[in-house]
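Engineer: The following comprises the amino acid sequence and a computationally predicted model.
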Amino acid sequence: MIIDEKHLKYDGAKGVPHSRHGGQPPKTGDWRTFKPRIDKSKCIRCMTCVTYCPEAAIAVGSDTYPYVNYYICKGCLVCVKGCPVKAISVSQDLHAEHLRRPKHD
Ligand code: SF4
Ligand code: SF4
């Protein structure tokens, strides 16, 4: 058996398994090749990025600005495209797991 159903946690949309271990989402940030960075000095807090992110990786902080949860951000950069004031920049993420793996022939 690949999935032990006894340990599935059902969070978010009803009936959709979110995680096997205590509600913590699986770490998908290591898949990332590019990393979005939000510049608060440019951000107008429109929250477009929050609604656009397909991974729900952008949340609103106690300072009312959005922040990226890099534990689950996959670097798809949809948020960058959606930001109306170009407050999200992109950098290469050299910590991405696939960049650390040895190359195969
Ligand atoms: S890069 Fe993709 S996954 Fe990461 S915060 Fe932006 S929209 Fe979400
Ligand atoms: S889309 Fe851009 S301006 Fe709007 S909240 Fe996100 S970072 Fe800020």
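Structural biologist: Nice, I can see it. Ligands and ions are numbered 1, 2, ... in the order given.

Engineer: who does the helix or strand hosting K81 touch, helix- and strand-wise?
Structural biologist: In the assignment (DSSP states H and E), K81 maps to helix 78-82. Helix 78-82 is packed against helix 48-52, strand 88-92, with contacts defined by 3 or more CB pairs under 8 Å, 6 or more residues apart in numbering; DSSP states H and E. For every residue, glycine as well, the C-beta is placed using N, CA and C.

Engineer: Give me the contacts around that helix.
Structural biologist: If you take CB atoms under 8 Å, 6 or more residues apart in numbering as the criterion, helix 78-82 is touched by 36, 48-49, 52-54, 58, 68, 88-90.

Engineer: Kindly tell me how buried E55 is, as a neighbour count.
Structural biologist: E55 has 17 neighbours, counted by other CB atoms under 10 Å.

Engineer: Provide a list of residues in contact with it.
Structural biologist: 28, 72-74, 76.

Engineer: Report the secondary structure state of it.
Structural biologist: coil (DSSP: H, G, I helix; E, B strand; the rest coil).

Engineer: confidence score at it?
Structural biologist: E55 carries a pLDDT value of 90.

Engineer: Let's test this: mean pLDDT of stretch 28-43, rounded?
Structural biologist: On average, stretch 28-43 scores 92.

Engineer: May I have the distance across that stretch, first residue to last?
Structural biologist: Stretch 28-43 has an end-to-end distance of 26 Å (criterion: CA to CA, to the nearest Å).

Engineer: Mind checking if that stretch is in reach of ligand 2?
Structural biologist: Yes - using CB under 6 Å from any ligand atom, a contact is recorded between stretch 28-43 and ligand 2, made by 38, 43.

Engineer: Give me the residues contacting that stretch.
Structural biologist: With CB under 8 Å, 6+ apart, stretch 28-43 has contacts from 49, 55, 65-68, 70-75, 77, 79-80, 85-93, 95-99.
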